[in-house]
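Asks: Provide a 3D model corresponding to the input given below.
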Amino acid sequence: MGTKHEFCKRGHLLAETRHPKYGCMVCVKLRYCENWEKVNQRNRDWAKNNPNRCKDAADRSRLRRYGWTPETVAAARIEQADCCAICRTPFTETPDADHVHVKPPKPRGLLCNACNVGIGLFKDSPEILEQAVAYLRKY
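Replies: You can find the predicted model right below:
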């Protein structure tokens with residue numbers, strides 16, 4: 001006796017990984033492909049009507065990727081007196097959440113954009129930065 005297969009109402013074979021809420025994933029993808037303009041417009045309208053929710057979600061996602069949370073950022077801002085951890089310039093824009101480039105990333109401190117870009121250009125290397133300092137002191 002063979003295995004009894006289950007099919008959706010459009011005739012697609014239902015795999016074990018079917019979506020619990022939407023059923024047949026083939027149908028879900030087909031509906032999206034058939035209506036992608038409407039779906040994208042609906043998403044743009046929602047984002048326009050909910051700007052804070054979009055920005056907050058994007059910020060949380062970005063922070064999480066670098067090992068930070070909104071709470072750790074707030075604590076670091078207080079600890080650093082709302083200034084860059086390197087140049088001590090007060091923040092006028094959203095600070096960059098610096099992190100050690102390991103898996104998972106480890107937070108280091110909050111930096112202004114110029115300092116964050118600077119250490120990135122020096123490949124986060126203390127040796128290269130020390131050579132740059134010696135060079136600047138020489139001249």
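
Asks: Contacts for the lowest-mean-pLDDT helix or strand in the chain next, please.
Replies: Ranked by mean pLDDT, DSSP states H and E, the weakest helix or strand in the chain is helix 51-65, scoring a mean of 76. If you take Cβ atoms under 8 Å, 6 or more residues apart in numbering as the criterion, helix 51-65 is touched by 47, 69, 70, 73, 97, 105. Glycine gets a C-beta too; all of them are placed from N, C-alpha and C.

Asks: do that again at 7 Å, thanks
Replies: Outside helix 51-65, the residues that touch it by Cβ atoms under 7 Å, 6 or more residues apart in numbering are 47, 69, 70, 73, 97.

Asks: so which strand or helix has residue 48?
Replies: If you go by DSSP states H and E, residue 48 is part of helix 36-49.

Asks: What's the mean pLDDT across that helix?
Replies: The average of the pLDDT scores along helix 36-49 is 86.

Asks: mind listing what's buried in that helix?
Replies: Across helix 36-49, burial judged by 16 or more other Cβ atoms under 10 Å covers no residue at all.

Asks: Next, the angle helix 51-65 makes with it.
Replies: Put simply, helix 36-49 runs at 100 degrees to helix 51-65, going by axes from the mean of the first three to the mean of the last three Cα atoms, to 10 degrees.

Asks: And helix 36-49, how far out from the chain middle?
Replies: 21 Å (Cα atoms, centre = their mean, to the nearest Å).

Asks: now the strands for the chain?
Replies: 96-100, 106-111 (DSSP state E).

Asks: what's the closest of these to residue 18?
Replies: The closest of those to residue 18 is strand 96-100. By Cβ to Cβ, the value is 38.2 Å.

Asks: Which residues outside the closest one are in contact with it?
Replies: Here strand 96-100 has contacts from 63, 66-68, 73, 105-111, 113, 116, using Cβ under 7 Å, 6+ apart.
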